[in-house]
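>>> Only the shape, not the letters, is given here:
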């Protein structure tokens, strides 16, 4: 970023309520900048109440909460309350999910996901502005309308800035929308540095140009695969699961464009075929060392900080990484300190 800020290093937590207090406080003790929950098989917001109660410094975010399973008013309420209770540490990460899940799992309407998400973000900010400034609520869009707000339903003043809104994006249209109206973007782990440089960043800049914003006002957050350990045997063991993860994502049609950029389009075809047969081990065996190191950081513990920094430099503002449970707290803390030790290169 142009202000020379250091890389932020984030971690993920399980959304199980029984575990969240311990895991969030562990991440804070190790030196992580944010702990993110995900909406998979548990609610993503409830755990952050406990995380806020048992931490004092670390940021707390959803990566992601499914926007289209809700509406802007309900999300505005929970975002306002979490920002107040965490004393300004909440990051609201939203994602669209796919049509089948929105319609058949959540029983909610689906259409025009990019336009709908753009409107969702704009509605959130207008609702929050109404609560903060006392202005009349009058949001009318193609998908959402919010025109009624009385004193009884207006929450107490928020002594902090509005929560930053991050939106998950893979395609170029959603990425452009992030650059136009969101505070940050949540990228997918199945994204290479070359894809960030040649596809993601140009799309973000096009969106920012539409709204007259600068890159320094925006944060690109991305998880990356990390394979590390103390010796070659630990590296090899860690690589097995990562190869399978890469193969799984590579079999998904939505991510074929990433492989095609590197000249590996036919790999997707074969992975997709094998996925229909349930041949998960065979799929992992197709991820050779070149592909593995294109998608993942592979390095021993004493070199992993430099490799992560190289992967992020110039494109990623905050990175979500995890380390094997066998790695001691003090070693993780040292790696995180090394990662944040120098300013990251300016973004375009």
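Good, I have the coordinates. Since this is a predicted model, take the numbers as computed values, not measurements. Numbers count the residues shown, from 1 in each chain.
>>> can you pull the contacts of residue 39?
15, 62, 64-66, 95 (Cβ atoms under 8 Å, 6 or more residues apart in numbering). (Each C-beta comes from the backbone N, C-alpha and C, glycine too.)
>>> Format those as CSV; extra columns: neighbour count.
Converted to CSV, these look like this (neighbours: other Cβ atoms under 10 Å):
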residue, neighbour count
15, 21
62, 29
64, 21
65, 22
66, 19
95, 24
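>>> Make CSV from these and add secondary structure, pLDDT and distance to residue 105 to it.
What follows is those, written out as CSV (DSSP: H, G, I helix; E, B strand; the rest coil; pLDDT from 0 to 100; distance: Cβ to Cβ, whole Å):
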residue, secondary structure, pLDDT, distance to residue 105
15, coil, 82, 17
62, strand, 98, 18
64, coil, 94, 15
65, strand, 97, 14
66, strand, 97, 9
95, strand, 97, 14
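>>> show me what contacts residue 152?
Going by Cβ under 8 Å, 6+ apart, residue 152 touches no other residue.
>>> nearest to residue 225, of the contacts of residue 39?
Taking Cβ to Cβ as the measure, residue 225 lies nearest residue 64 of these, at 18.6 Å.
>>> Which residue comes closest to that closest one once chain neighbours are left out?
Counting by Cβ to Cβ, 6 or more residues apart in numbering, residue 95 is the residue found nearest to residue 64 once chain neighbours are left out, at 3.4 Å.
>>> packing partners for the longest helix anywhere in the chain?
Looking across the chain with DSSP state H, the single longest helix is helix 113-133. Other elements packing on helix 113-133 under the criterion 3 or more Cβ pairs under 8 Å, 6 or more residues apart in numbering; DSSP states H and E are helix 72-85, strand 90-95, strand 139-140, strand 145-146, strand 164-168, helix 172-181.
>>> Where does pLDDT dip in this protein?
Counting by pLDDT under 70, the chain contains low-confidence residues at 1-5, 341-348.
>>> Show me how the record splits it into domains.
In terms of domains, the chain is parsed into 8-227+301-340, 229-298 (source: the TED database).
>>> Quote the end-to-end distance of the longest one.
Using Cα to Cα, to the nearest Å, the span of domain 8-227+301-340 from its first residue to its last is 7 Å.
>>> What of stretch 11-24?
Taking Cα to Cα, the first and last residues of stretch 11-24 lie 9 Å apart.
>>> Now it: buried residues?
Buried residues in stretch 11-24, counted by 16 or more other Cβ atoms under 10 Å: 11-13, 15, 20-21, 23-24.
>>> Which ones among the residues you listed map onto strands?
Secondary structure assignment by DSSP state E places 11-12 of the buried residues of stretch 11-24 in strands.
>>> List just the nearest of the buried residues of stretch 11-24 to residue 331.
Distance from residue 331 was checked for each of the buried residues of stretch 11-24 by Cβ to Cβ. The minimum falls on residue 11, at 14.6 Å.
>>> quick one: that closest one and residue 320 touch, right?
Yes. At 6.7 Å, residue 11 counts as touching residue 320 under the criterion of Cβ atoms under 8 Å.
>>> what do those two both touch?
Between them, residue 11 and residue 320 have residue 36 as joint contacts when contacts are counted by Cβ under 8 Å, 6+ apart.
>>> Quick check: residue 126 touching residue 139?
Yes. Distance between residue 126 and residue 139: 4.6 Å, which falls inside the contact criterion (Cβ under 8 Å).
>>> who touches both of these two?
Both residue 126 and residue 139 are contacted by residue 146, under the criterion Cβ under 8 Å, 6+ apart.
>>> In a strand, residue 307, correct?
No. Read with DSSP: H, G, I helix; E, B strand; the rest coil, residue 307 is helix and lies in no strand.
>>> nearest spatial neighbour of it, skipping sequence neighbours?
Once its chain neighbours are removed from consideration, residue 307 has its nearest residue in residue 299; the separation is 4.2 Å (Cβ to Cβ, 6+ apart).
>>> list the contacts for the one you found?
Remark: with contacts taken as Cβ under 8 Å, 6+ apart, residue 299 is in contact with 227-228, 306-307.
>>> just the strands in the protein please.
According to DSSP E, the strands that the chain contains are 8-12, 34-37, 59-62, 65-66, 90-95, 139-140, 145-146, 164-168, 184-186, 219-223, 225-227, 296-298, 318-320.
>>> how about TSV for those strands, with distance to residue 254 added?
Putting the strands of the chain into TSV (distance: least, Cβ to Cβ, whole Å) gives the following:
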stretch	distance to residue 254
strand 8-12	21
strand 34-37	21
strand 59-62	21
strand 65-66	16
strand 90-95	13
strand 139-140	31
strand 145-146	31
strand 164-168	12
strand 184-186	15
strand 219-223	16
strand 225-227	18
strand 296-298	20
strand 318-320	20
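>>> how about these, which one is nearest residue 115?
Of all the strands of the chain, the one in closest proximity to residue 115, counting by Cβ to Cβ, is strand 164-168 (13.0 Å).
>>> ok, back up a step: correct me, but the residue nearest to residue 64 touches residue 167?
Yes. Under the criterion of Cβ under 8 Å, residue 95 lies in contact with residue 167, with a separation of 7.2 Å.
>>> Give me the common contacts of those two.
Shared contacts of residue 95 and residue 167, defined by Cβ under 8 Å, 6+ apart, are found at residue 186.
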